[in-house]
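Asker: coords please:
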Amino acid sequence: MIYWHLFLAFFIPGILGYGGGPASIPLVEKEVVDRYDWMTTQEFGEVLALGNALPGPIATKMAGYIGYMEGGILGSIVALFASVAPSLILMIALMVTLLRYKDSPKVKNITKLVRPVIAVLLGAMALQFFLTSTEASGSVQTVILIVLSYWLLEIRKMHPAYVILLALAYGAISGLI
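Answerer: Next up is the predicted model:
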């Protein structure tokens, strides 16, 4: 039964998460944290941070890791397949449809309507991570990490992987103190 649950946990967000991995992350979190209770929000955030630090698509990295943790190698394969299958199926179906109606103004407006929805989902997820972080680490630690991360990413133009590693080191050091 775990393999079926793994399949559903990554197939459904793959179908509904228009916009790729970042758009489906809140949906995966809902399945993994709330529905199946495989991990906490904090653990999911750590998996997300680790996945962002590695090259490649985030959804497949998370699917592989969570699938492996819940069902071993076969669980990893099932979760990876489930995260990729909806995209393959929908891409082929959409390509046929879009080629047929590529000049229609309605088709051109679809993307304009979907973008705000993705922005709201990502904003809600960021707010939830912020609230979880302030509960777990405190407001001061959270604000320090936000300000420092912003400065490193936007002002110093540091690669996000290095910022994540520095945040992990900061968390480890502040946890020891």
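Asker: any idea how far Val147 lies from Glu135?
Answerer: To Glu135, Val147 is 19 Å away according to CB to CB, to the nearest Å. Heads up, the C-betas are built off the backbone N, CA and C, glycines and all.
Asker: Correct me if wrong: Val78 contacts Gly67.
Answerer: Yes - with contact defined as CB atoms under 8 Å, Val78 reaches Gly67; the gap is 6.0 Å.
Asker: what do these two both touch?
Answerer: Leu6 (CB atoms under 8 Å, 6 or more residues apart in numbering).
Asker: if I pick the spatially most central residue of the chain, what's in contact with it?
Answerer: By CA atoms, centre = their mean, the mean C-alpha position of the chain lies nearest to Ile25, the distance being 3.0 Å. Residues in contact with Ile25 (CB under 8 Å, 6+ apart) are 17, 48, 58-59, 62, 122, 125.
Asker: C-alpha coordinates for stretch 50-57, CSV please?
Answerer: Written as CSV, here are the backbone C-alpha positions of stretch 50-57 (Å, rounded to 0.1, in the frame of the first residue of the first chain):
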residue,chain,number,x,y,z
LEU,A,50,18.7,20.3,0.5
GLY,A,51,16.9,19.7,-2.8
ASN,A,52,17.4,23.4,-3.8
ALA,A,53,21.1,23.1,-3.1
LEU,A,54,21.6,20.2,-5.6
PRO,A,55,21.5,20.6,-9.3
GLY,A,56,18.4,19.5,-11.3
PRO,A,57,14.7,19.6,-11.0
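Asker: List the buried residues of it.
Answerer: Neighbour counts over stretch 50-57 (16 or more other CB atoms under 10 Å) mark 51-53, 57 as buried.
Asker: hmm, which two among those residues are most spread apart?
Answerer: Greatest spatial distance in the buried residues of stretch 50-57: Ala53 and Pro57, 13.5 Å, computed using CB to CB.
Asker: after the helix or strand containing Gly45, next one along is what?
Answerer: For Gly45, the host element (DSSP states H and E) is helix 41-53. As assigned by DSSP H and E, the chain's next helix or strand after helix 41-53 is helix 58-100.
Asker: So the residue lying farthest from the centre of the chain: helix, strand or coil?
Answerer: Of all residues in the chain, Asp103 has its C-alpha farthest from the mean position, at 32.8 Å, by CA atoms, centre = their mean. Using DSSP: H, G, I helix; E, B strand; the rest coil, the three-state assignment for Asp103 comes out as coil.
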